[in-house]
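Asks: Compute the structure for the input listed below.
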Amino acid sequence: MKKLSTQPCLIARSLSLVGDAWSMLIMRDAHAGMTRFDEFRKSLGIAPTMLTGRLSALVDEGLLKKRRYSERPPRDEYVLTEAGRDFLPVLFAIGAWGRKHRGGGKVTRFFDAEKGTEIDPLTIDRATGAPIGTRSIRIAEVK
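Replies: Numbering: from 1, shown residues only. Reported below is the predicted structural model:
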């Protein structure tokens, strides 16, 4: 199999960065305001070594940046970059798919903090205005 990060397909390239569940969940929690290692660890129940690796990868790839919040002892927090903030619609699109195809039982719901309304995302094509998934697609490699 070819290395995903060098594929011409931008879906493949993106999945090479955030295609595992832990990275996606770290990004979810970062959008919810978590910044500190212990917050992520408590929320996710992830092993410290695995969390360290995922946070480092997300920093290396530019979705999070480290910011020192304590000199003694030295402690860093992880904050969203512009690329990280731009990832939120991706998370909500996955969540909308899950609501439709994996719902039932107890589920987490997401609300607009200002309006108090539940978030119900819709992905549309900017050029046509059509909801994604309602029209046929064609895949072509463009240089």
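Asks: where does this structure dip in pLDDT?
Replies: Judged against pLDDT under 70, the low-scoring parts of the chain cover residues 1-2.
Asks: need the helices for it, in chain order.
Replies: Per DSSP state H, the chain carries helices over the ranges 10-18, 21-31, 37-44, 48-60, 82-85, 88-101.
Asks: can you redo those as CSV with mean neighbour count and distance to Gly129?
Replies: Every residue, glycine included, has its C-beta placed from N, CA and C. CSV is the format used below for the helices of the chain (neighbours: other C-beta atoms under 10 Å; distance: least, C-beta to C-beta, whole Å):
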stretch, mean neighbour count, distance to Gly129
helix 10-18, 15, 22
helix 21-31, 19, 27
helix 37-44, 15, 37
helix 48-60, 15, 33
helix 82-85, 15, 24
helix 88-101, 14, 17
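Asks: Tabulate those in CSV, adding columns for distance to Lys115.
Replies: Formatted as CSV, the entries for these read as follows, by distance: least, C-beta to C-beta, whole Å:
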stretch, distance to Lys115
helix 10-18, 28
helix 21-31, 17
helix 37-44, 25
helix 48-60, 29
helix 82-85, 19
helix 88-101, 15
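Asks: who wins for proximity to Pro74 among those?
Replies: Taking C-beta to C-beta as the criterion, helix 37-44 is the member of the helices of the chain that comes nearest to Pro74, at 12.2 Å.
Asks: by contact count, what packs against that closest one?
Replies: Helix 37-44 sits against helix 21-31, helix 48-60, strand 75-80, with contacts defined as 3 or more C-beta pairs under 8 Å, 6 or more residues apart in numbering; DSSP states H and E.
Asks: got the angle for it vs helix 48-60?
Replies: Taking axes from the mean of the first three to the mean of the last three C-alpha atoms, to 10 degrees, helix 37-44 and helix 48-60 form an angle of 110 degrees between their directions.
Asks: Now do helix 37-44: distance to the chain's middle.
Replies: Centroid separation for helix 37-44 versus its chain: 16 Å, with C-alpha atoms, centre = their mean, to the nearest Å.
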